[in-house]
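>>> Sharing a model that was predicted from the sequence below.
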Amino acid sequence: MKNYKRPIGILLLLVMLFAAAGPMLASAATSSSNTLRVDLLKYDPYPADIGSYVDVWIKVENFASGTAEDVSIKIEPEYPFSLDSEGNAIKNFGILPPDRAAIHEYRLYVDDGAKAGTGSFDILYRASDESTWQKTTFDIKVGSTTFDSKGTVGLSNVISSPEVFMPGDEGSVSFTLTNTAQQSTILIDGESYDTYARVQSATLMGTDMITVTSQPYEGKGVLGPGDFVQVTYNIEISDSIEDGIYFLDLVMIGNSHSFNNNWMVPVVVDSSAVRVIPSMPLVLENGKADLEFDVANIHPNALSSVLVKLEADGVEFLPQEYFVGSMDPDELFTIEIEAKAEDPDKTGQVNLTIYTNYRNGLNEHDEVIGTRVLTLEHVEEDGNNTALAILLIGGIIVAVAYYMYRKKGLRISMDR
């Protein structure tokens, strides 16, 4: 009789292994999709018009250290939205490298029977065909309430903090929305209207490199003639953004469609910062020297907590960190740092690395300014030679004085 216990035991062991590996494989597939992030960049028009199409821009970003091999997104709209064509629901981007993003535009139709308010749609995304779909829900505003008031809202006092951003900075953009009317009523075609203004909503739209982290402003009251409201939005600047002036769309819904506004809000990005320039030769004589540097702020706005630090193998610096403090744009500050070699007899060259630390607004920055060459030289001490020369000169002076004295004394005795 054959013994089937051993094959059956092996079979059971394999089944258990596959059962244990199943969740692990599923988890691996899911984790790859978890390295993606989707965002609603903007939609146009704002708010979405009832009975019309609205264009929606979706950004998908790979924030992992590895490459996403076959990225896809899929839109699933809810009432009152519908897709212009079901064949356009899925968009495949293919390979998406680390820290890269892709953008796709969808077109949705807003049902004729929709009411003013908020509508939703789902965006599904995955890193490959083997990955499971992940889902994020987005809301967009539909329609708006209409009022007969004739007040007009104007934009003023646009202030960025910090004034000029650096790559990777976080900060804010604030502005004032003012009812520009100068009187409480206005007469149009023989009919009198009040000049109240309403800011039903104000939305600052981000870009692929600038993210707006604040929610849209929702106005609940009215602005009388000359009244104003101040609005602030927090923004984040991408590390990979290039220097330049960028414009964010500020969309405001007013009393009615004809009183809506769309402004361009500028955001300036400039990566220039602190420069540290040697103002004397970088030479240590017999292991010591007082090094002098010019510290300049070439950023367009003031920087605070500016600090300079030097490092070189076998050399100590005092102070270890030189605190400069606040610096206005184009300000120059001269600092002096004592350098002392651990071995005073050492000669040759070593690399001198210059570091800076500073704040732009509330953002702390560390930067390696560059590497310079620090030269160590041995110079013969001339103290003994100097003393000998002084003694020699002194002896000559004494001898001459004595000679003159003797000569004068001899002349006096002869005259007698």
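Sure, I can see it.
>>> Using the record's assignment, carve the protein into domains.
33-143, 145-270, 274-377 (automatic domain parsing).
>>> Averaged pLDDT, the host helix or strand of Q349. What do you get?
If you go by DSSP states H and E, Q349 is part of strand 348-360. The average pLDDT for strand 348-360 rounds to 97.
>>> Same check on stretch 395-402?
Mean predicted confidence for stretch 395-402 is 70.
>>> just stretch 195-202 next, same as before
89.
>>> What's the end-to-end length of that stretch?
19 Å (Cα to Cα, to the nearest Å).
>>> buried stuff in stretch 325-335?
For stretch 325-335, the neighbour count (16 or more other Cβ atoms under 10 Å) marks 327, 333, 335 as buried. Every C-beta, even on glycine, is put in place using the N, C-alpha and C of the backbone.
>>> for the last one, which residues make a bridge with it?
This points to I335. According to DSSP bridges, F293 are recorded as the beta-bridge partners of I335.
>>> wait, isn't it in contact with A296?
No - using Cβ atoms under 8 Å, I335 makes no contact with A296, being 11.4 Å away.
>>> hang on, the earlier thing: kindly reformat the buried residues of stretch 325-335 as TSV and extend each row with distance to V142 and pLDDT.
Output for those, formatted as TSV (distance: Cβ to Cβ, whole Å; pLDDT from 0 to 100):
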residue	distance to V142	pLDDT
M327	50	98
F333	56	97
I335	60	97
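>>> Tell me the one among these nearest to L376.
Of all the buried residues of stretch 325-335, I335 has the smallest distance to L376: 21.3 Å, by Cβ to Cβ.
>>> ok, and what's touching stretch 310-325?
284, 291, 295, 304-309, 333, 335, 337-343, 346, 350-355, 374 (Cβ atoms under 8 Å, 6 or more residues apart in numbering).
>>> Show me where this protein has its helices.
Using DSSP state H, the helices of the chain run over 5-33, 383-415.
>>> Just give me the lowest mean pLDDT stretch among these.
Among these, helix 5-33 has the lowest mean pLDDT, at a mean of 51.
>>> biggest strand in this structure by residues?
Longest strand in the chain by number of residues, with DSSP state E as the criterion: strand 363-377.
>>> Give the other helices and strands that it contacts.
strand 274-278, strand 283-285, strand 348-360 (3 or more Cβ pairs under 8 Å, 6 or more residues apart in numbering; DSSP states H and E).
>>> one more time with 10 Å, if that's ok
Applying 3 or more Cβ pairs under 10 Å, 6 or more residues apart in numbering; DSSP states H and E, we find strand 363-377 packed against strand 274-278, strand 283-285, strand 288-297, strand 303-311, strand 332-341, strand 348-360.
>>> what comes up buried for the last one?
For strand 348-360, the buried set under the neighbour-count rule, 16+ other Cβ under 10 Å, comprises 350, 352, 354-360.
>>> With distance to I397 as extra columns, can I get the domains of the chain in TSV?
Formatted as TSV, the domains of the chain follow (distance: least, Cβ to Cβ, whole Å):
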stretch	distance to I397
domain 33-143	80
domain 145-270	67
domain 274-377	33
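>>> Let me see the confidence value for the closest residue to A341 other than its chain neighbours.
Counting by Cβ to Cβ, 6 or more residues apart in numbering, A341 lies nearest to G287, which is 3.7 Å off, once chain neighbours are set aside. Looking at G287, its pLDDT reads 92.
>>> what residues are up against G287?
If you count contacts by Cβ atoms under 10 Å, 6 or more residues apart in numbering, G287 has them with 314-315, 339-347, 376-378.
>>> which one among those residues gets closest to N88?
V315 (65.3 Å).
>>> what about the closest one, distance to L124?
59 Å (Cβ to Cβ, to the nearest Å).
>>> Who has more neighbours out of those two?
V315 (22 against 18; other Cβ atoms under 10 Å).
>>> Give me the number of neighbouring residues for the residue lying closest to E377 once chain neighbours are set aside.
Spatial nearest neighbour of E377, excluding adjacent residues (Cβ to Cβ, 6+ apart): E285 at 5.4 Å. By the criterion of other Cβ under 10 Å, E285 has 12 neighbours.
>>> what bridges to E285?
Applying DSSP bridges, one finds that E285 bridges with K288, E377.
>>> for R37, same thing?
Going by DSSP bridges, R37 forms beta bridges with E61.
>>> count of neighbours near it?
15.
>>> got a list of what Q134 touches?
Applying Cβ under 10 Å, 6+ apart, the residues contacting Q134 are 30, 33-34, 36-38, 73, 123-127.
>>> of those, closest to N234?
Closest to N234, out of all of these and judged by Cβ to Cβ, is R37, at 18.2 Å.
>>> my read: that closest one touches Y125, true?
Yes - the pair R37 and Y125 qualifies as a contact (Cβ atoms under 10 Å) at a distance of 8.6 Å.
>>> Name the residues contacting each of those two.
In contact with both R37 and Y125: 60, 134, 136, using Cβ under 10 Å, 6+ apart.
>>> Not counting its neighbours along the chain, what's nearest the first one?
By that I understand V60. Distance criterion Cβ to Cβ, 6+ apart; nearest residue to V60, sequence neighbours excluded, is V38 at 5.0 Å.
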